[in-house]
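> dropping a prediction and its sequence here:
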Amino acid sequence: MYILGSLLIVAGIVAAYGASVGYALVTRGRTAVLPYARAGVYSALAAVVAVVALLISLFLAGRYDIKYVNDYTSNDASLFFKVASIWAGQPGSFVVWALWGVITGALLVRRTRHFEPYVLAVFMLIQGSLLVCMLVRNPFAANIDAATGALLSPADGKGLNPLLHNFWMIIHPPILFWG
């Protein structure tokens, strides 16, 4: 899962930067590239949705060999808190930001019309950069013992911070994006 998750993030980066370059070419008069630039936006969307789906499945399966899963959930967490644990840490925050960003990008393809190449050339450049940040703080990193270098696969995770065991603390990230 480490490699699959990382490859999905890299696919999103390539698609986002490819879309940005494609839209930049469209602004220079190469309108034949427009369908490929749009395909880049939708490919980035597909890659990030796959990242989210994979991360959710890892949290629900209790894959504690993934450091991020180990750090933010445990066996006794309810389904609600396991799903909400996805955005409990910085790597998960990048995932949520990227998800809402590519959804917004896909909507911009349909809404910006004449300004589409100008808006999306910049927007997808920003999305690609956000995905690079996600890759650096990779939520799919293996849970490695710093002293021995051995892969850890504990029977239970550390669990969500007790301060986050509150309905309002859990729903505020999605609500911020909807607002």
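Noted; the coordinates are in hand. Numbering: from 1, shown residues only.
> endpoints of stretch 21-38, how far apart?
Stretch 21-38 has an end-to-end distance of 11 Å (criterion: C-alpha to C-alpha, to the nearest Å).
> got the buried residues for it?
Burial within stretch 21-38, assessed by neighbour count using 16 or more other C-beta atoms under 10 Å, is assigned to 21-26, 33, 36-38. Where you see a C-beta, it was placed from the backbone N, CA and C, and this is true even at glycine.
> tell me which of those residues fall in helices.
Under the assignment DSSP state H, the buried residues of stretch 21-38 contribute 21-26, 36-38 to helices.
> out of everything not next to it in sequence, what's closest to Ser74?
Closest residue in space to Ser74, ignoring its immediate chain neighbours: Gly159 at 3.7 Å, by C-beta to C-beta, 6 or more residues apart in numbering.
> now, which of the ones in helices among the buried residues of stretch 21-38 sits nearest Leu135?
Lowest distance from Leu135 to those (C-beta to C-beta) belongs to Val21, with 18.8 Å.
> which ones are touching the closest one?
Contact analysis of Val21 by C-beta atoms under 8 Å, 6 or more residues apart in numbering lists Ala37.
> just the pLDDT for it.
The model reports Val21 with a pLDDT of 98.
> for Leu120, see how far away it is.
11 Å (C-beta to C-beta, to the nearest Å).
> Gln90 now?
27 Å.
> and these two? Which one has more around it.
The neighbour count for Gln90 versus Leu120, taken as other C-beta atoms under 10 Å, is higher for Leu120 (26 against 13).
> tell me what the helix or strand harbouring the more buried one is packed against?
For Leu120, the host element (DSSP states H and E) is helix 116-136. Helix 116-136 sits against helix 2-27, helix 34-61, helix 90-111, with contacts defined as 3 or more C-beta pairs under 8 Å, 6 or more residues apart in numbering; DSSP states H and E.
> list the contacts for Cys133?
Phe94.
> confidence score at it?
The per-residue pLDDT reported for Cys133 equals 97.
> isn't Pro173 right up against Ala88?
No - with contacts defined as C-beta atoms under 8 Å, Pro173 does not count as touching Ala88, sitting 9.3 Å away.
> what's the distance between the nearest residue to Pro154 once chain neighbours are set aside and Arg113?
Leaving out its chain neighbours, the residue that sits closest to Pro154 by C-beta to C-beta, 6+ apart is Tyr64, at 4.9 Å. Using C-beta to C-beta, Tyr64 is found at 48 Å from Arg113.
> alright, I will stop here.
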